[in-house]
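*Asks:* Return atomic coordinates for the entry below.
(one chain, ligands or ions: 1)
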Amino acid sequence: MKILVAVKRVVDANVKVRVKSDGTGMELANAKMAMNPFCEIAVEQAVRMKEEGQAEEIVAVSVGPQVCQEQLRTALALGCDRGILVTADSDVAPLQVARILKALLDRENPDLVILGKQSIDSDNNQVGQMLAALAGMGQGTFACKAELDDGRITVTREIDGGEQTVSLKLPAVVTTDLRLNEPRYASLPNIMKAKRKPIDELTPVDLGVDTASNLATLRVSPPAEREAGIIVETVHDLVDKLKTDARVI
Ligand code: AMP
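*Replies:* Numbers count the residues shown, from 1 in each chain. The predicted structure follows:
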């Protein structure tokens with residue numbers, strides 16, 4: 001059984017990002033970058049399946065500029081066997097990423113594809129669903145539990161107000177939610193070993209995909225500044241403020 005995991009390079013979740021003064025995007029020139037946290041969960045899930053003897057090979061894939069090699073090396077240090085970098089601009093649109101991944105599925109024929117449920121930079125939550133549709137595969141999105149059994153995968157999905165369990169025939173697409181697992185840290189020996197694992201490089205053209213997007217970002221703006229709060233002395237004052245200032249009661 002082969003698993004393909006998609007890992008995206010994004011700004012580190014701990015970085016306080018700023019909008020560029022001209023409103024065309026985020027100021028990322030010297031920002032610390034990292035693997036998208038939901039992709040870390042995807043890698044961890046694949047590695048656990050391999051450790052349990054359910055998978056033989058894990059291929060990590062990233063679409064983006066050369067520096068995405070860093071996130072692929074991290075995936076290899078965490079237990080993936082080889083990497084594929086599809087070199088492209090850093091802002092390839094979700095549909096184009098899905099098309100690239102679909103072309104890779106046709107080459108690699110994995111039994112299972114695991115992606116994050118969403119990228120924390122663009123908050124799209126689209127690639128997994130689009131990929132499943134393009135590939136004609138079943139999808140188990142927002143997974144908080146995933147169990148392989150005899151050519152199928154049972155996925156428990158986090159949905160509004162509860163959980164939903166679906167059974168998918170393999171090959172299938174799974175996207176990870178926060179509670180699926182707690183990703184491990186890479187050990188130093190595994191970081192060293194990862195340097196010798198192979199990373200192949202392809203271009204979208206090699207895969208027959210046009211990355212020209214049908215999507216344009218018009219403007220990026222920061223959220224409105226929150227006003228400072230106040231501390232009231234008594235319950236009476238609180239009720240008064242809620243009535244007269246906030247007008248919510
Ligand atoms: P999104 O639909 O952009 O929120 O991304 C959902 C998931 O799709 C991510 O967590 C990744 O697993 C995958 N993905 C999105 N963009 C890329 C990319 N450029 N390279 C590799 N995987 C990606």
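*Asks:* what about Glu108, neighbour count?
*Replies:* 15 (other Cβ atoms under 10 Å). For the C-beta atoms, the positions are set from N, CA and C on the backbone; glycine is no exception.
*Asks:* State the distance from it to Ala46.
*Replies:* When distance is defined by Cβ to Cβ, to the nearest Å, Glu108 is 13 Å away from Ala46.
*Asks:* now the residue of the chain found nearest the ligand: how far from Ser21?
*Replies:* Of all residues in the chain, Gly116 sits closest to the ligand, with a separation of 2.3 Å (Cβ to the nearest ligand atom). Here the criterion is Cβ to Cβ. By it, Gly116 lies 30 Å from Ser21.
*Asks:* if you count what's nearby, which of those two comes out ahead?
*Replies:* Ranked by neighbour count (other Cβ under 10 Å), Gly116 and Ser21 place Gly116 first, with 26 against 7.
*Asks:* how about Thr24, what does it touch?
*Replies:* Shown in contact with Thr24 (Cβ atoms under 8 Å, 6 or more residues apart in numbering): Thr217, Arg219, Val220.
*Asks:* Partner strands of the biggest strand by length in the chain and their direction?
*Replies:* In the chain, assigned by DSSP state E, the strand with the most residues is strand 138-149. With DSSP bridges as the test, strand 138-149 is paired with strand 152-159 (antiparallel), strand 172-176 (parallel).
*Asks:* Leu238 belongs to a strand, doesn't it?
*Replies:* No - assessed by DSSP: H, G, I helix; E, B strand; the rest coil, Leu238 does not belong to a strand; its assignment is helix.
*Asks:* List the neighbours of the lowest-mean-pLDDT helix or strand in the chain that are in contact with it.
*Replies:* Least confident helix or strand of the chain, by mean pLDDT, DSSP states H and E, is helix 235-244 with a mean of 94. Residues from elsewhere that reach helix 235-244 (Cβ under 8 Å, 6+ apart): Ile230, Val232, Val248, Ile249.
*Asks:* filter these down to the ones near the ligand?
*Replies:* Near the ligand, taking Cβ under 6 Å from any ligand atom as the test, no member of the contacts of helix 235-244 is found.
*Asks:* Residue numbers of the protein in contact with the ligand?
*Replies:* 6-8, 36, 38-39, 42, 61-64, 92, 94, 97, 115-116, 118-119, 122, 124-128.
*Asks:* What subset of those residues is buried?
*Replies:* Using 16 or more other Cβ atoms under 10 Å as the burial test, the residues of the chain next to the ligand include 6-8, 36, 38-39, 42, 61-64, 92, 94, 97, 115-116, 118-119, 122, 125-128 as buried.
*Asks:* so where do the strands sit in this protein?
*Replies:* According to DSSP E, the strands that the chain contains are 2-6, 9-11, 33-35, 57-64, 82-87, 112-116, 138-149, 152-159, 162-169, 172-176, 199-202.
*Asks:* Identify each buried residue in the last one, please.
*Replies:* Just to be clear, that refers to strand 199-202. Buried residues in strand 199-202 (16+ other Cβ under 10 Å): Ile199, Leu202.
*Asks:* Next: stretch 45-63.
*Replies:* Of the residues in stretch 45-63, 45-50, 54-55, 57-63 count as buried by neighbour count, 16+ other Cβ under 10 Å.
*Asks:* Mind exporting the C-alpha coordinates of it to CSV?
*Replies:* Extracted C-alpha coordinates of stretch 45-63, given in CSV (Å, rounded to 0.1, in the frame of the first residue of the first chain):
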residue,chain,number,x,y,z
GLN,A,45,-1.1,9.8,10.1
ALA,A,46,0.7,8.2,7.1
VAL,A,47,3.8,7.4,9.3
ARG,A,48,1.6,5.7,11.9
MET,A,49,-0.1,3.6,9.2
LYS,A,50,3.4,2.6,8.0
GLU,A,51,4.6,1.8,11.5
GLU,A,52,1.5,-0.4,12.0
GLY,A,53,2.5,-2.3,8.9
GLN,A,54,-0.5,-1.1,6.9
ALA,A,55,1.6,0.9,4.4
GLU,A,56,4.9,0.2,2.6
GLU,A,57,5.7,3.6,1.1
ILE,A,58,4.9,7.2,1.8
VAL,A,59,5.5,9.8,-0.8
ALA,A,60,5.5,13.5,0.2
VAL,A,61,4.6,16.1,-2.4
SER,A,62,4.9,19.9,-2.4
VAL,A,63,4.0,22.4,-5.0
